[in-house]
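Undergrad: build me a model:
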Amino acid sequence: MRYCFALDLKDDPTSIAEYERHHLQIWPEIEASIRESGITDMQLYRTGNRLFMIMETDESFSFEAKAAADAASPIVQKWETLMWSYQQALPTAKPGEKWVLMERFFKL
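TA: Presented below is the predicted three-dimensional model:
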């Protein structure tokens with residue numbers, strides 16, 4: 001299954017460069033938590049300060065299980081807190097929502 005998400009970064013070139021540097025080599029525990037949840041591929045794209053994430057999953061993936069595993073992992077919480085220092089919610093995001101799930105409206 002493919003999911004696409006959007007999120008904004010704080011509109012500061014230095015902060016954006018730091019955010020991208022963190023993703024050159026993510027922490028091993030973060031990569032493991034991603035893969036163990038059933039995510040088989042994840043890509044991030046940026047234009048300006050807007051991010052897009054494309055995520056491919058296998059049949060074992062569930063948003064609920066991933067959220068529970070992330071909440072129980074101190075290292076994932078540390079990573080998320082660090083990443084949130086660079087990120088900001090989309091203007092259309094619900095309170096507390098980070099990555100907003102995008103709706104596909106066209107397929108060739």
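Undergrad: point me to the helix or strand that includes the closest residue to residue 20 other than its chain neighbours.
TA: Among residues not flanking residue 20 along the chain, residue 46 sits closest, at 7.5 Å (Cβ to Cβ, 6 or more residues apart in numbering). All C-beta atoms are positioned from the backbone trio N, CA, C, and that covers glycine. Taking DSSP states H and E as the definition, residue 46 sits inside strand 39-47.
Undergrad: after that strand, heading C-terminal, what element do we hit next?
TA: strand 50-57.
Undergrad: quick one: the helix or strand residue 70 falls within to chain centroid distance?
TA: For residue 70, the enclosing helix or strand under DSSP H and E is helix 63-72. Relative to the centre of its chain, helix 63-72 is centred 13 Å away, using Cα atoms, centre = their mean, to the nearest Å.
Undergrad: that one packs against which elements?
TA: helix 28-36, helix 74-84 (3 or more Cβ pairs under 8 Å, 6 or more residues apart in numbering; DSSP states H and E).
Undergrad: related to what we said a few turns ago, quick one: strands adjacent to the strand holding residue 46?
TA: Within its sheet, strand 39-47 is paired with strand 50-57 (antiparallel), according to DSSP bridges.
Undergrad: quick one: the strand it pairs with to helix 28-36, angle?
TA: Strand 50-57 and helix 28-36 are oriented at 50 degrees to each other (axes from the mean of the first three to the mean of the last three Cα atoms, to 10 degrees).
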